[in-house]
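Q: Quick one, what's the 3D model for this:
(2 chains)
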There are 2 protein chains.
Amino acid sequence: MSNPAYPGINSKRLWQRHLDMAKLGATAGGGVHRLALTQLDIEAHKLLSEWASPHGFNVSLDPIGNMFIRREGSDPSLPPIASGSHTDTQPNGGRFDGITGVLTAFEAMETIHEAGIETRHPLETIVWNNEEGPRFLPSCMGSAAYAGAEPLKAMLASEDGDGITMGSCVDALKNALPHAGSRELGAPLSAFIEVHIEQGTELEASGNTIGVVTGMQGYRRFAVAVTGEDAHSGTTPRARRKDAFVAATDMARALREKLKDEEDVLRFTIGRFEVLPGGITVVPGRVNFTIDIRHPDADVLLELGDQVEPICKREAGPCEVAVNNLITQDPLEFPAGMKQRITAAAQRRGYSSQPIFCCAGHDARHISKLCPAGMIFIPCWKGISHNEAERAEPEDIAAASQIIADMLIDLANET
Amino acid sequence: MSNPAYPGINSKRLWQRHLDMAKLGATAGGGVHRLALTQLDIEAHKLLSEWASPHGFNVSLDPIGNMFIRREGSDPSLPPIASGSHTDTQPNGGRFDGITGVLTAFEAMETIHEAGIETRHPLETIVWNNEEGPRFLPSCMGSAAYAGAEPLKAMLASEDGDGITMGSCVDALKNALPHAGSRELGAPLSAFIEVHIEQGTELEASGNTIGVVTGMQGYRRFAVAVTGEDAHSGTTPRARRKDAFVAATDMARALREKLKDEEDVLRFTIGRFEVLPGGITVVPGRVNFTIDIRHPDADVLLELGDQVEPICKREAGPCEVAVNNLITQDPLEFPAGMKQRITAAAQRRGYSSQPIFCCAGHDARHISKLCPAGMIFIPCWKGISHNEAERAEPEDIAAASQIIADMLIDLANET
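A: Numbers count the residues shown, from 1 in each chain, chains lettered A, B, ... in the order given. Now for the predicted structure:
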């Protein structure tokens, strides 16, 4: 296809920008450690803003720190057609999770701009703030606040482990981008498409390039606080201990047994587990841990999640336990129209594609409440993600960006 | 008894000094958080040195940071009769563990000095460095290095969680005490007595004031490193996970089952348990944890400790595990002579006493390799220790200090 109405993206530039971004927080193990709105993440925002500047794209920030890079359309009354993802990573995460969705969107927008193509709708590349969540809870904070799923004030008050608030980090981001305009939370979008690495192995197994995401599994997350009593490990007999570690591991094991399905569809994870005070010779008096449960079926998810608190109470032994349901997100399906557009765009370019169900959480989940949304997956080496070894291929990334470019042109003129 | 040869200690001063020391690292919960050779612990050393100064007691430091406060005797050829313990605490620890042994020793020495009693042997109050171990491993570092049980170079190279070495902390201590002299590691001692809170409930139950410590249980400590693979909690099916948390909790549970005795004499504790990377949505790829096993019988201890590695390997699942036996200390008995002296001294003063077995680790363990050593326990409220709620009574502390004073006089003239 060499239709001048659909210009080809610059795959070399797109890959180089992945390499440039990977320098911000590069780890010895070849990954990226760039937690939300740390100085490194703010640098990533600045770099995007520098790339936007020569084209005259406007940059704006909303109150929760989402960033919008905008190319104006011919009809100022129309809301933008948007694409994007996030710049933050997990601790010692990879070079593609999040940033690929931002860079493919930006490359698509830039390609359209350089080809001199006018669109009726404006186009936007969006960086949703704090998608990952290890520094500030909850994850997907920026998109959730934008879509009204989380209250702004509470999100800005969220603190990291050092007591730094998200509010102060958003202020730092604004200071770092003094020319950025202001955007309201929830300002209308006409459509949103997010590119992301699959973080699974279906595309790798099938050999297909493009995953047309059909829907997303739901999830429930819990914070569990176990309180026993600190005691001396040499002098305190077992019968007199209130060992929070023992109680918490009994809870973890009972939960694991209950949340185990033959089909291996349910995802049950304890990812954070903090034992205090943490001395070798101290019986630990406190444990704080998190639970992440995911399932494609809303009823199953509800029922299993409701087991968490009774199981923890049953296994608490001499300790006390408090269970807090941090968040519940129902499974969702993306609109048929968006899936058809992605499938058709892949077909026109000759990229092999397949429907694929999404097991991870993404910003598109929240944005799908505001406008028609869709997601495109590309292959992810061995399914490894949230890991320094995370890998995606330049040609797959280029394919996704090309589809975004083609779709933006269509969406921005048709609708 | 109002024998001028055995002057009475100043119990009010002794209690006030406990209150003064408790200010250095005071916690909101009424405890003390003063980890080894932090600025706060260095302040504690300085405060002792200030109290020593008006009496002309010499202060010296050895290469591992033990502090010696000395009152000279009449025969310069004789090694000192010493008493002491440590100034460092557990994280959010109490106001008595360690410091009571230092302050009772100092009060005894000061009482003898103020009474103008000349002794043949010099007297010393000793502060052993880093007894507790939560900041730097191993615990009882100062006394172990002094007694030759641990190599100086490796101890000085020990790093805390921020990569700060013990060597640099010892330098900071020396800088804070510019007038302190130098003491060689292992310089001879004639005798050593350590006062400590019981950290158990035997004295409280019997109503006795003085515990004549008969011996100490042995212990083995292990560090276990479990390595799996970080993975995305939403996309990675159970069958594909190498979840280090799951493996480590299986190990912990299997160890707990194996190391459970009907008699509740064995002490098995997992006090430190670090899960990495620690994100809610990340299957953890690494867990590092510690094991502390204690038992009065050397053979039982050896046999049970030898089970740790095979059990961990058996329960590792898809993960790898490395087990490191950090330390093995056999049980010990204190010499009959020292026990008799303590019992007799208590009797002379009319304090009720009883033999008691020690379940904790103390500096006297290592020093007993160098000279006749003994330990005196005093009651500890509810046996609670390594905890902000730790409590001991002023009159019990005074009784112990009085016995030390009486014993120092006898030991420093008889032997």
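Q: tell me the secondary structure for the residue of chain A positioned farthest from its centre?
A: Most distant from the centre of chain A: A:Thr235, at 47.4 Å, with distances by Cα atoms, centre = their mean. Three-state call for A:Thr235 (DSSP: H, G, I helix; E, B strand; the rest coil): coil.
Q: can you pull out the helices in the stretch 251-400 of chain A?
A: For the stretch 251-400 of chain A, helices defined by DSSP state H, counting those that start in this stretch occupy the ranges A:298-305, A:308-314, A:336-349, A:363-367, A:394-414.
Q: need the ones you listed in JSON lines with distance to chain B, mean pLDDT and mean neighbour count, can you?
A: Just so you know, the C-beta spots here come from the backbone N, C-alpha and C atoms, and that holds for glycine as well. Converted to JSON lines, the helices of the stretch 251-400 of chain A look like this (distance: least, Cβ to the nearest Cβ, whole Å; pLDDT from 0 to 100; neighbours: other Cβ atoms under 10 Å in any protein chain shown):
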{"stretch": "helix A:298-305", "distance to chain B": "13", "mean pLDDT": "96", "mean neighbour count": "16"}
{"stretch": "helix A:308-314", "distance to chain B": "14", "mean pLDDT": "98", "mean neighbour count": "17"}
{"stretch": "helix A:336-349", "distance to chain B": "20", "mean pLDDT": "97", "mean neighbour count": "18"}
{"stretch": "helix A:363-367", "distance to chain B": "11", "mean pLDDT": "96", "mean neighbour count": "27"}
{"stretch": "helix A:394-414", "distance to chain B": "17", "mean pLDDT": "97", "mean neighbour count": "23"}
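Q: per-residue confidence at the nearest residue to A:Arg365 once chain neighbours are set aside?
A: Among residues not flanking A:Arg365 along the chain, A:Met216 sits closest, at 5.6 Å (Cβ to Cβ, 6 or more residues apart in numbering or on different chains). At A:Met216 the predicted local confidence, pLDDT, stands at 94.
Q: Is A:Met216 in contact with A:Gly361, as I believe?
A: Yes: because the distance of 7.2 Å satisfies Cβ atoms under 8 Å, A:Met216 is recorded as touching A:Gly361.
Q: if you count what's nearby, which of the two comes out ahead?
A: Neighbour tally, A:Met216 and A:Gly361, criterion other Cβ atoms under 10 Å in any protein chain shown: the higher count belongs to A:Gly361, 28 against 25.
Q: how about the more buried one, what does it touch?
A: For A:Gly361, the contacting residues are A:Ser139, A:Cys140, A:Met216, A:Tyr219, A:Gln329, B:Gly234, B:Thr281, taking Cβ atoms under 8 Å, 6 or more residues apart in numbering or on different chains as the criterion.
Q: Strands - which of those residues land there?
A: Counting by DSSP state E, the contacts of A:Gly361 place A:Met216, A:Tyr219, A:Gln329 in strands.
Q: The second one: neighbour count?
A: So that's A:Tyr219. Neighbour count of A:Tyr219, defined by other Cβ under 10 Å: 25.
Q: What distance do you get for A:Arg267 to B:Gly317?
A: The span separating A:Arg267 from B:Gly317 equals 17 Å under the rule Cβ to Cβ, to the nearest Å.
Q: same check, this time on A:Gly142
A: Note on A:Gly142: its distance to B:Gly317, by Cβ to Cβ, is 37 Å.
Q: The strand or helix carrying A:Ala225 packs against which elements?
A: Counting by DSSP states H and E, the element that carries A:Ala225 is strand A:218-227. Under the contact criterion of 3 or more Cβ pairs under 8 Å, 6 or more residues apart in numbering or on different chains; DSSP states H and E, strand A:218-227 touches helix A:244-258, strand A:286-295, helix A:298-305, helix A:308-314, strand A:320-329.
Q: Distance of A:Ser85 relative to A:Glu110?
A: In this structure, A:Ser85 and A:Glu110 are 16 Å apart, going by Cβ to Cβ.
Q: try A:Asn175
A: Counting by Cβ to Cβ, the gap from A:Asn175 to A:Glu110 is 26 Å.
Q: and if you look at A:Leu326?
A: For A:Leu326 relative to A:Glu110 (Cβ to Cβ), the value is 38 Å.
Q: More neighbours: which of the two?
A: A:Glu110 (25 against 16).
Q: on that earlier part again, what's the closest of the ones in strands among the contacts of A:Gly361 to chain B?
A: Sorting the ones in strands among the contacts of A:Gly361 by distance to chain B puts A:Tyr219 at the head of the list, at 7.0 Å, by Cβ to the nearest Cβ.
Q: so what's the closest one scoring on pLDDT?
A: Per-residue confidence (pLDDT) for A:Tyr219: 94.
Q: And for A:Lys23?
A: What the model reports for A:Lys23 is a pLDDT of 98.
Q: What is the burial count for it?
A: Each residue near A:Lys23 was counted by other Cβ under 10 Å, and the total is 13.
Q: Which one's more surrounded, A:Arg267 and B:Gly317?
A: A:Arg267 (25 against 17).
Q: who wins for proximity to B:Ser352 among the helices and strands packed on strand A:218-227?
A: Checking the helices and strands packed on strand A:218-227 against B:Ser352 by Cβ to Cβ gives helix A:244-258 as the closest, at 36.3 Å.
Q: Spit out the contact partners of the residue farthest from the centre of chain A.
A: Applying Cβ under 8 Å, 6+ apart, one finds that A:Thr235 lies in contact with B:Glu198, B:Gln199, B:Gly200, B:Arg267, B:Cys359, B:Ala360, B:Gly383, B:Ser385.
Q: switch to 7 Å and redo it
A: Shown in contact with A:Thr235 (Cβ atoms under 7 Å, 6 or more residues apart in numbering or on different chains): B:Gln199, B:Gly200, B:Cys359, B:Ala360, B:Gly383, B:Ser385.
Q: May I see those arranged in a markdown table, with distance to chain A, neighbour count and pLDDT as well?
A: Compiled in a markdown table, the contacts of A:Thr235 are given as follows (distance: Cβ to the nearest Cβ, whole Å; neighbours: other Cβ atoms under 10 Å in any protein chain shown; pLDDT from 0 to 100):
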| residue | distance to chain A | neighbour count | pLDDT |
| --- | --- | --- | --- |
| B:Gln199 | 4 | 25 | 91 |
| B:Gly200 | 4 | 26 | 88 |
| B:Cys359 | 4 | 23 | 83 |
| B:Ala360 | 4 | 25 | 83 |
| B:Gly383 | 6 | 22 | 89 |
| B:Ser385 | 5 | 29 | 88 |
